[in-house]
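Engineer: sequence plus predicted model, see below.
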Amino acid sequence: MEKMGTYRTSDIYIASYLLSKGLELEGIDRHNSQRCAFIFIDREDRPNLVRSFLCGQAEGNVPDFLYHFKRAKIASKRGLRKDVYEPSLL
């Protein structure tokens, strides 16, 4: 699929779902002390993934989603992309 720029979301659940669907996390914007934004390298199928998640029609592997949720939560506090996949943080 062709890259289309970036996609930002401050919703940790959407970010976790997108990570579980294989979207690549480019970084985390922590300029707002109350909320961070997850920045993804966008893909052509991302709008459909977000729509299906928001409409309750998302499909996927629940343990994989939970794994990515835990990683995203850790990374949002530390603001480091590498924390999302660092095995020692489990």
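Structural biologist: Everything's here; your move.
Engineer: which residues does the closest residue to Phe53 other than its chain neighbours contact?
Structural biologist: Closest residue to Phe53 apart from its sequence neighbours, by CB to CB, 6 or more residues apart in numbering: Tyr17 at 4.9 Å. The way it works is simple: take the backbone N, C-alpha and C, and place the C-beta from them, glycine included. Tyr17 makes contact with 49, 53, 58, 60, 65, 68 under the criterion CB atoms under 8 Å, 6 or more residues apart in numbering.
Engineer: dump those residues to a markdown table, plus pLDDT and secondary structure.
Structural biologist: Supplementary listing: those in a markdown table, determined by pLDDT from 0 to 100; DSSP: H, G, I helix; E, B strand; the rest coil:
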| residue | pLDDT | secondary structure |
| --- | --- | --- |
| Leu49 | 96 | helix |
| Phe53 | 95 | helix |
| Ala58 | 90 | coil |
| Gly60 | 90 | coil |
| Phe65 | 92 | helix |
| His68 | 90 | helix |
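Engineer: does the residue nearest to Phe53 sit in a helix, a strand or a coil?
Structural biologist: helix (DSSP: H, G, I helix; E, B strand; the rest coil).
Engineer: returning to that earlier point: which of the contacts of Tyr17 are buried, as a ChimeraX select command?
Structural biologist: Typed into ChimeraX, the line below selects the buried ones among the contacts of Tyr17, using 16 or more other CB atoms under 10 Å:
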select :49,53,58,65,68
